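A.B. asks: Just to be clear, the model below is a prediction. Sequence and coordinates:
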Amino acid sequence: MADYIRVLVCGAAGQMGRFVTQAVRKAPDMKVVAAVDNREVGRDAGELAGGEVTGTPIVSDLECAIGRGEPDVMIDFTIPDVVRPNMIAALNKGVRLVVGTTGIGEATLDEVQALVEQKRLGAVVCPNFSLGANLMMLAAELAAKHYPYAEIIELHHEKKKDAPSGTSLLTAELIQEARAKAGFVPAKPPGPEVAARGLAASGVPVHSVRLPGYVANQEVMFSDTGEVLTIKHESTSRESFMPGVLMAVRYVMKNKGLTTSLRDILLSQS
Ligand code: NAD
């Protein structure tokens, strides 16, 4: 058995895939053994990612790449339409998953969970690999039952398609769940129900800003009489997702089953 983790990067020509290729190449315990994309076929994945030549050309056929590269883990940052067949193909060949592609529905997740259990493999399918964003959510859960007022401001680049962001909706949900678990009754957000007061998500007003210059930022504000607590996270580059991706690769090598949040991995390590 190799003393490094053999990684296949799917979506290797994409923005995230290029960062992933670089991050895996620099990790001392991992190696890129295959790169898949339907663009830039034939180009060296390492060179395309702006680094040294890795000797791993991009190919378009995933099953072929798995056969040749014999990866332990497939990292997928592609598109919603292709991620499902990619995940099924990899699991059927005994390859563990680390998937960052967003827009995966509940039915697909259920299907992946069943296959992961049947094959006794590890898989992390997670819409947000930023350590900071996940720690921000954990901190918000902790604060939720101590403050009756909470609001979220999320700020993203102007090309982001969805609003509010998935992370802000999940944060609001976690705040609501933490409060319900503690039997804590929050204050009703003040002010009339007008658009300027944001969208009430899980009882928490969420305000979305879309401006060039931002990558992904979020502030969770809590308050009670005489004080405001702000938990703030800023992503300044897509590189911010890489420590979480590498953490997930190491995690699936040791843990079986499906994990859908980096938060659970962070909690398992605390
Ligand atoms: P991108 O468009 O730059 O890259 C997607 C790549 O997938 C492209 O190179 C495309 O050619 C490739 N692709 C399409 N069909 C393919 C196929 N059949 N086989 C192999 N490759 C194929 O997009 P991106 O900005 O890199 O984002 C990719 C995904 O990652 C999106 O869903 C995005 O929302 C998500 N994302 C997740 C996180 C996270 O933390 N989980 C962070 C950022 C982005």
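C.D. replies: Arrived safely, thanks for sending.
A.B. asks: can we go C-alpha only for contacts and neighbour counts from here?
C.D. replies: Noted.
A.B. asks: Tell me where the protein has helices.
C.D. replies: Secondary structure of the chain, counting by DSSP state H: helices at 15-26, 45-48, 62-69, 80-92, 106-119, 131-144, 166-182, 242-254, 262-268.
A.B. asks: which one of those lies closest to the ligand?
C.D. replies: Each of these has some distance to the ligand by CA to the nearest ligand atom; the shortest is helix 15-26, at 3.6 Å.
A.B. asks: wait, does that closest one contact the ligand?
C.D. replies: Yes: for helix 15-26 and the ligand, the contact criterion (CA under 6 Å from any ligand atom) is met by 15-17.
A.B. asks: Just the buried ones from the residues you listed, in ChimeraX syntax?
C.D. replies: Applying 16 or more other CA atoms under 10 Å to the residues of helix 15-26 next to the ligand, the buried members can be selected in ChimeraX as follows:
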select :16,17
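A.B. asks: Quick check: the residue nearest to the spatial centre of the chain vs Arg263, distance?
C.D. replies: By CA atoms, centre = their mean, the chain has its centre lying nearest to Asn128, at 2.4 Å. Counting by CA to CA, to the nearest Å, the gap from Asn128 to Arg263 is 10 Å.
A.B. asks: cool, Glu47 as well?
C.D. replies: Going from Glu47 to Arg263 by CA to CA gives 33 Å.
A.B. asks: neighbour-wise, which of the two wins?
C.D. replies: Ranked by neighbour count (other CA atoms under 10 Å), Glu47 and Arg263 place Arg263 first, with 21 against 17.
A.B. asks: Run through the residues that contact the more buried one.
C.D. replies: Contact analysis of Arg263 by CA atoms under 8 Å, 6 or more residues apart in numbering lists 134-135, 138.
A.B. asks: again, only using 6 Å
C.D. replies: Neighbour list for Arg263: Asn134 [criterion: CA atoms under 6 Å, 6 or more residues apart in numbering].
A.B. asks: Would you mind giving me the confidence score for it?
C.D. replies: Arg263 is assigned 90 on the pLDDT scale.
A.B. asks: Quick check, Ile58 in contact with Ala35.
C.D. replies: Yes: using CA atoms under 6 Å, Ile58 is in contact with Ala35, at 4.9 Å.
A.B. asks: Compare those two and say which is more crowded by neighbours.
C.D. replies: Taking other CA under 10 Å, Ile58 and Ala35 do not tie; Ala35 has more neighbours (32 against 26).
A.B. asks: Tell me if I'm right that the more buried one and Arg6 touch.
C.D. replies: No: counting by CA under 6 Å, Ala35 stays clear of Arg6, with 11.4 Å between them.
A.B. asks: how about low-confidence regions in this protein?
C.D. replies: Applying pLDDT under 70 to the chain flags residues 1.
A.B. asks: how many other residues sit next to the residue nearest to Leu115 when sequence neighbours are not counted?
C.D. replies: Excluding its sequence neighbours, the residue lying closest to Leu115 (CA to CA, 6 or more residues apart in numbering) is Leu91, at 7.1 Å. As a burial measure, Leu91 scores 23 neighbours (other CA under 10 Å).
A.B. asks: again with Leu115
C.D. replies: Applying other CA under 10 Å, we find 18 residues neighbouring Leu115.
A.B. asks: and if you look at Ser165?
C.D. replies: Neighbours of Ser165 (other CA under 10 Å): 19.
A.B. asks: how far away is it from Leu142?
C.D. replies: From Ser165 across to Leu142, the span is 21 Å (CA to CA).
A.B. asks: Check Val194 too.
C.D. replies: Distance from Val194 to Leu142, by CA to CA: 29 Å.
A.B. asks: Likewise for His233?
C.D. replies: Distance of His233 to Leu142, given as CA to CA: 16 Å.
A.B. asks: Repeat that for Leu48.
C.D. replies: Leu48 sits at a distance of 42 Å from Leu142 (criterion: CA to CA).
A.B. asks: Looking at those two, which one has more neighbours?
C.D. replies: Between Leu48 and Leu142, counted using other CA under 10 Å, Leu48 has the larger neighbour count: 20 against 14.
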